[in-house]
Structure formats: C-alpha cells, structure tokens
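Trainee: structure for this input, please:
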Amino acid sequence: MNNKLNLTLLTDFYEFTMANGFFSEGMGDRIAYFDMFFRNIPSGGGFAIMAGVEQLIDYFKNLKFTDEDIEYLRSKKIFNEEYLNYLKNFEFACDVWAIPEGTPIFPQEPIVTVRGPVVQAQFLETMILLTINHQSLIATKTNRIVRAADGRPVMEFGSRRAQGADAAILGARAAYIGGCSGTACAIADREYGVPALGTMAHSWVQMFDSEYEAFSAYARQYPDSCMLLIDTYNVLESGLPNAIKVFDEVLKPMNKRPKGVRIDSGDITYLSKKCRKILDDAGYSDCGICASNSLDEYIIRDTLMQGAKIDSFGVGERLITSMESPIFGGVYKLVAIENDEGKIIPKIKISENVSKITTPGFKQVYRLYSKETGKAIADVVTLRDEEIDNEKPYELFDQEHIWKKKTVTDYYVRPLLKQIFRGGKCVYENPNLETLKEYCFLEVDKLWDEVKRFENPHRYYVDLSKPLWDVKYKLLSEFKQ
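Mentor: Coordinates of the predicted model:
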C-alpha cells in the first residue's frame with residue numbers, strides 16, 4: 001500500500017541502544033543470524049497460515065533514515081555521532097529467507113530467517129514480528145472460518161471493528177489469502193485487489209417511507225446484483241414478503257433475477273429454513289441467503305449442522321480481530337553468529353521453560369509428503385547445508401521424546417524457506433493475491449483432516465534432523481557442565 005509515513009522508526013527503542021552499543025564495541029559488522037518462529041497456534045488449532053511477506057519486502061526495500069529521524073535520535077543524547085552517521089548513510093545489506101505466504105506453518109520452526117550485520121539484523125525485529133504476527137493471525141482465523149463454511153463463500157466485513165486503519169486494510173488482504181471471497185473494505189480492493197463486496201445497511205431501509213419502497217429503489221438501482229437486507233423490522237412478517245414483492249414487480253419485468261437476501265439478526269438457523277421454503281415456493285429457488293451478525297467458525301459450523309439454509313456468510317469483528325485468540329506469539333531470536341573466519345557459531349537461549357529453549361544454527365525447513373496420499377507427513381528442521389534424499393528412507397524422531405521414532409519411505413520432500421533478499425537486494429517476486437489464495441487452499445488440503453479439527457487437533461510433528469539435534473544437545477550439555 002502507498003504510505004507517505006516513513007516507518008523506519010517503527011521499532012522498539014532498545015534496538016537502537018543495542019545497535020549503538022554493538023557499533024561502539026566494534027561489533028557492528030559482526031554477522032548474525034536471527035530466526036522468527038512462534039510457539040503456540042491461535043485458538044488451539046492444528047496449524048497456522050503464513051502471511052505478510054509482501055509487506056516485509058516493501059519494508060526492506062524502503063528502509064532509510066531521514067534527516068528528521070537522525071535529529072530525533074540525536075536529541076536523545078545517548079547515541080554517538082559515528083553511529084548516527086552510519087544510519088544517515090544506511091544501506092540495507094541483509095540476506096532474508098521466508099516461508100511463502102499461504103503456507104501452513106507450525107510452532108518451533110523458523111518462518112523468517114535474517115542474516116546480516118548485527119546492527120541491521122537486530123534492528124529489523126519489531127517490523128518483522130509486527131507484520132508477520134498480524135497477517136498470519138488473521139489468515140489463520142479466516143481459514144478456520146472458511147473451512148467451517150464448507151465451500152460457501154465467506155465475506156470479510158470487519159473494517160469498522162479492526163484496531164486501526166492498517167489492521168483493517170492488511171487484515172482484509174490476509175483474510176483473502178486465508179480463503180475469504182472478498183471484503184467490505186473498498187481501499188483493500190484498490191490497493192491489493194481484494195474484491196470489494198457489499199449490499200445495504202439498515203439505514204437505507206429506514207430512509208424510505210416503507211420497506212417496500214426502499215427495496216424497490218435498490219432493485220431499480222442495482223438490478224444485476226440485488227441483495228436485500230430483510231431484518232430491519234421483521235424477517236418473516238415484513239422483510240421477506242416485501243423482498244419477494246419487489247422481485248415480482250420490479251426485477252421480473254426487467255427479466256432479472258435476485259441475487260439474494262441477507263439476515264443480520266435473530267436465529268439465523270430457524271429464519272434461513274423458513275426463508276428458503278418461502279423463496280422456493282415463490283419461484284426463487286436461485287435466490288441465495290446470506291447470514292451475518294457476530295459469526296465465527298463455531299457458530300457457522302453449528303448452524304450448518306442444524307440444517308441452516310445459508311449460501312454465504314459475512315463475518316466481521318470475530319474475524320478481523322481474531323476475537324477468540326487475538327495474539328500470534330511470534331518471536332525473533334539470535335541463533336548464530338559468524339567468527340572472523342566466516343565460520344558459523346550456533347547460539348542458544350536456555351530457559352527453565354522447555355518451550356522457550358531455542359534451536360541454534362543456520363537452518364532450513366523441509367516438508368515431507370506421502371507419495372501415496374499426497375498428504376503432509378511432518379516437517380523437519382535441518383542445518384542449512386543438509387539435504388534430505390527422498391530416494392532413501394528417512395528416520396523421524398521426537399526431539400523431546402527421542403525414543404519415539406518413525407521411518408518414512410515412499411515420500412517426496414520440499415524445502416520451505418525461500419530467499420527473498422540477498423545482500424540487501426530483493427531476489428523474490430511475491431505471487432499475486434489470487435495465486436496465494438489458491439496455493440493456500442491446495443496446501444491446507446494436503447493436511448490430514450485430523451490436523452484440521454477445531455478442537456483437540458492431532459499434533460503435526462516438527463522434528464529436528466539428527467545433526468541439528470546433536471548441535472542443540474551439545475550446547476545444552478556444555479551449559480550444564
């Protein structure tokens with residue numbers, strides 16, 4: 001999105017103080033490796049959806065410090081002039097890898113990796129986390145809602161409930177990747193090509209002397225896309241009878257068919273069943289029924305299980321805010337440095353909380369798929385120079401319970417982390433939004449249904465290769481000694 005605001009200073013202040021310290025200690029050019037990963041899947045789900053890479057690319061391409069930025073930092077009176085001069089002449093020089101948008105992702109595997117001078121690589125932390133955390137959260141929630149709708153279109157209606165303009169616009173983009181058919185947010189259509197959709201508000205109906213007049217006027221204005229909101233007064237006693245009357249008296253003489261009716265309140269299961277029968281009896285079996293009003297995956301699933309006759313859904317606040325689980329807990333951790341000879345030295349963070357112990361080293365993530373079923377078997381995190389030969393059996397083992405092992409045969413393998421920047425230059429073209437949406441659908445379809453359950457999903461395994469596990473165990477052992 002075109003944005004006149006320079007976002008270079010959208011970072012935690014300690015990134016500057018640490019970078020200034022590294023610079024003053026002569027460590028500014030030391031090559032460091034950082035991984036972004038997350039620990040828990042929102043809503044207790046079985047997987048998340050990667051999103052936000054395009055905005056990371058835009059951010060990296062436009063990193064620069066203005067004179068105003070430098071003067072602000074100088075005014076803090078804690079940064080040395082040599083460091084400020086470095087920022088004034090800043091040139092992005094990092095290598096960056098990321099898992100493509102739309103890919104199912106899992107806890108504890110790197111989804112973004114940055115290699116570069118520590119003063120740069122450290123500085124990127126805030127925007128990487130902000131960007132990927134937000135869009136991945138919304139894409140993940142959307143995918144749950146879309147799967148609950150079971151093939152019925154889901155429209156994103158959440159702009160007015162989003163936490164700010166960027167959350168509305170980029171949330172609509174992420175929702176489209178996750179599977180939405182369109183958005184109510186017009187600017188998301190202009191900027192990103194997310195189809196803008198919409199009908200009317202209750203105020204349209206209230207502005208006219210009668211509901212019938214309101215529906216008639218709308219049908220005359222939009223005869224090819226006439227969807228009427230029928231719950232302003234009473235769905236069954238007023239809204240639907242007036243809608244059918246307009247279909248008969250306004251659209252039919254024009255040789256047009258109604259697109260649908262929308263119900264925004266009440267018991268949508270009961271009302272949709274009643275409306276479906278009345279519409280069918282009136283000769284409008286092709287008229288769709290759209291439901292909205294504080295929906296989420298659980299409500300949608302339950303209404304359909306109860307036999308609701310709904311053809312599409314409009315979902316707002318519980319999608320755009322991921323209301324049930326509004327945090328995507330991605331973190332950004334140092335995992336290696338290079339010594340003066342260019343040798344990679346793994347680094348580890350240790351904690352009493354086992355889930356917070358990091359996996360050291362410069363890594364790749366491989367996804368193994370069954371040739372027989374096409375389904376994903378597991379992900380394996382390896383050292384960067386490792387390769388998995390799918391012509392040979394591969395032994396998986398649980399990194400926490402190493403006696404749990406499984407030998408995989410008849411499989412194919414795909415590396416997930418793709419390089420997007422090399423030496424500060426973009427080397428990756430992000431696919432268009434339609435391609436990302438279709439890719440997401442296909443990749444989610446490669447997961448077993450058990451992994452896609454909303455409650456108590458089957459655990460999808462993310463394992464370490466034996467060489468990487470050896471590196472991690474060695475560092476843990478050395479610390480203990």
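Trainee: switch to C-alpha atoms for all contacts and neighbour counts from now on
Mentor: OK.
Trainee: how is this structure carved up into domains?
Mentor: As given by automatic domain parsing, the domain ranges for the chain are 13-138+332-480, 139-320.
Trainee: separation between Asn456 and Ser43?
Mentor: Asn456 is 10 Å from Ser43, where distance means Cα to Cα, to the nearest Å.
Trainee: neighbour count: the two, which is higher?
Mentor: Counted by other Cα atoms under 10 Å, Asn456 and Ser43 do not tie: Ser43 has more neighbours, with 21 against 12.
Trainee: still on that earlier bit, mean pLDDT and distance to Leu5 for the domains of the chain - can I get that in a markdown table?
Mentor: Shown next, in a markdown table, are the domains of the chain (pLDDT from 0 to 100; distance: least, Cα to Cα, whole Å):
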| stretch | mean pLDDT | distance to Leu5 |
| --- | --- | --- |
| domain 13-138+332-480 | 96 | 11 |
| domain 139-320 | 97 | 12 |
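Trainee: Pro326: which of those is closest?
Mentor: Closest approach to Pro326 among the domains of the chain is made by domain 13-138+332-480 (7.4 Å; Cα to Cα).
Trainee: ends of that closest one, how far apart?
Mentor: End to end - Cα to Cα - domain 13-138+332-480 spans 33 Å.
Trainee: now the residue nearest the centre of the chain: which helix or strand?
Mentor: Nearest to the geometric centre of the chain sits Ser136, at 2.4 Å (Cα atoms, centre = their mean). Ser136 is part of helix 125-149, with elements assigned from DSSP states H and E.
Trainee: run through the strands of the stretch 51-200 of the chain in chain order.
Mentor: 95-98, 104-105, 112-117, 154-156, 182-183 (DSSP state E, counting those that start in this stretch).
Trainee: would you reformat the ones you listed as a markdown table and include distance to Leu130 and mean neighbour count?
Mentor: As requested, the strands of the stretch 51-200 of the chain are exported to a markdown table (distance: least, Cα to Cα, whole Å; neighbours: other Cα atoms under 10 Å):
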| stretch | distance to Leu130 | mean neighbour count |
| --- | --- | --- |
| strand 95-98 | 15 | 23 |
| strand 104-105 | 17 | 23 |
| strand 112-117 | 13 | 25 |
| strand 154-156 | 21 | 28 |
| strand 182-183 | 22 | 27 |
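Trainee: out of those, flag the one nearest Asn234.
Mentor: Asn234 sits nearest to strand 154-156 of all the strands of the stretch 51-200 of the chain, at 23.9 Å, using Cα to Cα.
Trainee: just checking: what are the partner strands of the closest one?
Mentor: Partner strands and pairing direction for strand 154-156 (DSSP bridges) are strand 182-183 (parallel), strand 312-315 (parallel).
Trainee: picking up where we left off before, pick the most buried one from the domains of the chain.
Mentor: Of all the domains of the chain, domain 139-320 has the most neighbours on average by mean count of other Cα atoms under 10 Å, namely a mean of 20.
Trainee: Glu400 in helix, strand or coil?
Mentor: Here Glu400 is recorded as coil under DSSP: H, G, I helix; E, B strand; the rest coil.
Trainee: okay if I get the strands of the stretch 51-200 of the chain as JSON lines plus distance to Ser272?
Mentor: What follows is these, written out as JSON lines (distance: least, Cα to Cα, whole Å):
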{"stretch": "strand 95-98", "distance to Ser272": "44"}
{"stretch": "strand 104-105", "distance to Ser272": "34"}
{"stretch": "strand 112-117", "distance to Ser272": "45"}
{"stretch": "strand 154-156", "distance to Ser272": "16"}
{"stretch": "strand 182-183", "distance to Ser272": "22"}
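Trainee: for Trp403, find the nearest of those strands.
Mentor: strand 104-105 (25.1 Å).
Trainee: who does the closest one pair up with?
Mentor: Using DSSP bridges, strand 104-105 pairs in its sheet with strand 48-49 (antiparallel).
Trainee: got the contact list for the strand it pairs with?
Mentor: Strand 48-49 is contacted from outside by 41-42, 101-106, 136-137, 139-140, 143, 178, 440, using Cα atoms under 8 Å, 6 or more residues apart in numbering.
Trainee: what about Trp403, which SS state?
Mentor: coil.
Trainee: grab the nearest non-local neighbour of it.
Mentor: Spatial nearest neighbour of Trp403, chain neighbours left out: Phe397 (7.1 Å); criterion: Cα to Cα, 6 or more residues apart in numbering.
Trainee: could I get the domains of the chain as TSV with distance to Asn6?
Mentor: Output for the domains of the chain, formatted as TSV (distance: least, Cα to Cα, whole Å):
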stretch	distance to Asn6
domain 13-138+332-480	8
domain 139-320	14
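Trainee: which stretch among those comes nearest Leu7?
Mentor: Comparison of these against Leu7 by Cα to Cα identifies domain 13-138+332-480 as nearest, at 7.9 Å.
Trainee: name the nearest residue to Ala376, ignoring sequence neighbours.
Mentor: In space, and not counting its chain neighbours, Ala376 is closest to Tyr369: 4.3 Å by Cα to Cα, 6+ apart.
Trainee: that neighbour belongs to a strand?
Mentor: Yes: counting by three-state DSSP, Tyr369 is found in a strand.
Trainee: got a list of what it touches?
Mentor: Contacts of Tyr369 (Cα under 8 Å, 6+ apart): 375-378, 411-413.
Trainee: does Asp29 touch Val119 like I think?
Mentor: Yes: judged on Cα atoms under 8 Å, Asp29 makes contact with Val119 at a distance of 7.2 Å.
Trainee: quick one: common contacting residues for these two?
Mentor: Common neighbours of Asp29 and Val119 (Cα under 8 Å, 6+ apart) are Phe23.
Trainee: could you pull out the helices for the stretch 351-481 of the chain?
Mentor: Shown for the stretch 351-481 of the chain, the helices assigned by DSSP state H, counting those that start in this stretch span residues 433-445, 466-480.
Trainee: beta partners of the residue nearest to Trp403?
Mentor: Applying DSSP bridges, one finds that Phe397 bridges with Lys405.
Trainee: which residues does it contact?
Mentor: Phe397 is in contact with 403-406, 463-464, counting by Cα under 8 Å, 6+ apart.
Trainee: try it again at 10 Å.
Mentor: For Phe397, the contacting residues are 380, 403-407, 461-466, by Cα atoms under 10 Å, 6 or more residues apart in numbering.
Trainee: and which of those residues is nearest to Lys245?
Mentor: Nearest to Lys245 among the contacts of Phe397, with distances taken as Cα to Cα, is Tyr461, at 57.0 Å.
Trainee: sounds good, over and out.
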